[in-house]
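A.B. asks: no sequence on this one, just coordinates:
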């Protein structure tokens, strides 16, 4: 997306640096605003359904982006913000699935494998997007990514389920293992009353928020600005800029699963249990 916007600004639009910043940041305003509501909705309608809808909605808006961009900056800003709203719902929707699917002693590996998918997605998008934009035009980056996202969301909707008990393809042995390890009944999940005041005044919670904020700022700043930096400062062509911008996310694909396995190793051996695994993950 960022390589495509970079190519569009270079070829078809005369955006100054302030406008470029607004176009990039509009997505994150929506992304931030929908995190908490997305978690609330996931707990009531099911993380699986909401995750598929979120990805499908973001993909549809991606398909619309080239046409909206030609209509003006304001419609583009609104579309990018809406796309951020949809993408922001996806994160807590996926998080809502882990307590229902992932056994405690395997959760680090499973969650880290999924998180590594974010980096793999960035690599898969950035590597070809510069060349696609240079060869066929920047709108085709949005057309291809949006079409693939819609196709994937349909497959997800058909195959994925919010709870193991609703999955027709799971074996009785695996279902028994998951439910027994989690201590869940096979019925509908119960509504939990959360101690919001205690959570809001917890120092460890705010420490985690700060760590995630710093990590997210670094992750998404690189995603948004690195292609432009490669093109404007280092003078690479658009194809090479996109490919080089993918390099940091290759490290994510390699490091994050290793961190998950390390966290599970600590849990299995009782070396510090949960606190040690959290500290290790945040440090990495």
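C.D. replies: Nice, I can see it. Values in this document were obtained by computation on a predicted structure and should not be read as measured data.

A.B. asks: now the helices for this protein?
C.D. replies: 2-11, 17-33, 35-45, 47-71, 73-95, 98-101, 107-136, 139-159, 172-182, 196-200, 203-232, 238-245, 247-269, 273-283 (DSSP state H).

A.B. asks: out of the ones you listed, which is closest to residue 166?
C.D. replies: helix 47-71 (8.5 Å; C-beta to C-beta). Every residue, glycine included, has its C-beta placed from N, CA and C.

A.B. asks: now that closest one against helix 73-95, angle please.
C.D. replies: Relative orientation of helix 47-71 and helix 73-95, computed by axes from the mean of the first three to the mean of the last three C-alpha atoms, to 10 degrees: 170 degrees.

A.B. asks: go through helix 47-71 and flag the buried ones.
C.D. replies: Using 16 or more other C-beta atoms under 10 Å as the burial criterion, the residues of helix 47-71 that qualify are 47-66, 68-69.

A.B. asks: of the helices of the chain, which is nearest residue 165?
C.D. replies: The nearest among these, by C-beta to C-beta, is helix 172-182 at 6.7 Å.

A.B. asks: in the closest one, which residues are buried?
C.D. replies: 178, 179, 182.

A.B. asks: low-scoring stretches of the stretch 51-200 of the chain, by residue?
C.D. replies: Along the stretch 51-200 of the chain, segments meeting pLDDT under 70 span 184-192.

A.B. asks: please redo it, this time with the cut-off set to 90
C.D. replies: Residues of the stretch 51-200 of the chain meeting the criterion pLDDT under 90: 69-70, 72-73, 90-92, 94-139, 141, 157-196, 199-200.

A.B. asks: what number of residues lie near the closest residue to residue 29 other than its chain neighbours?
C.D. replies: In space, residue 29 comes closest to residue 81 once its chain neighbours are excluded; the distance is 5.6 Å by C-beta to C-beta, 6 or more residues apart in numbering. Number of residues near residue 81 (other C-beta atoms under 10 Å) recorded here: 18.

A.B. asks: and residue 81, what is it in contact with?
C.D. replies: Counting by C-beta atoms under 8 Å, 6 or more residues apart in numbering, residue 81 makes contact with 26, 27, 29, 30.

A.B. asks: quick one: which of these has the most company?
C.D. replies: Neighbour max across the contacts of residue 81 (other C-beta under 10 Å) = residue 27, 26 neighbours.

A.B. asks: distance of it from residue 149?
C.D. replies: 15 Å (C-beta to C-beta, to the nearest Å).

A.B. asks: how about residue 22?
C.D. replies: Applying C-beta to C-beta to residue 22 and residue 149 gives a distance of 24 Å.

A.B. asks: now residue 43
C.D. replies: Counting by C-beta to C-beta, the gap from residue 43 to residue 149 is 24 Å.

A.B. asks: please apply the same query to residue 75.
C.D. replies: From residue 75 to residue 149 the distance is 21 Å (C-beta to C-beta).

A.B. asks: so which of the two has more stuff around it?
C.D. replies: residue 149 (19 against 15).

A.B. asks: once you drop chain neighbours, what's closest to the more buried one?
C.D. replies: That would be residue 59: by C-beta to C-beta, 6+ apart, it lies 2.8 Å from residue 149.

A.B. asks: identify the residues contacting that neighbour.
C.D. replies: 145, 146, 147, 148, 149, 150, 152, 153.

A.B. asks: and the second one, how many residues sit next to it?
C.D. replies: Yep, that's residue 146 we're talking about. Count around residue 146 with other C-beta under 10 Å applied: 22.

A.B. asks: numbering from 6 from now on, please.
C.D. replies: All right, first residue 6 from here; so that's residue 151.

A.B. asks: that one: what's it in contact with?
C.D. replies: 64, 65, 66, 67, 68, 69, 70.

A.B. asks: if we go to 7 Å?
C.D. replies: 64, 65, 67, 68 (C-beta atoms under 7 Å, 6 or more residues apart in numbering).

A.B. asks: so the spatially closest residue to residue 109 that is not a sequence neighbour versus residue 106, what's the distance?
C.D. replies: Leaving aside its chain neighbours, residue 109 sits nearest to residue 186 (6.5 Å; criterion: C-beta to C-beta, 6+ apart). From residue 186 over to residue 106 the distance is 11 Å, taken as C-beta to C-beta.

A.B. asks: report the buried residues of stretch 24-44.
C.D. replies: In stretch 24-44, counting by 16+ other C-beta under 10 Å, buried: 25, 27-36, 39-40, 43-44.
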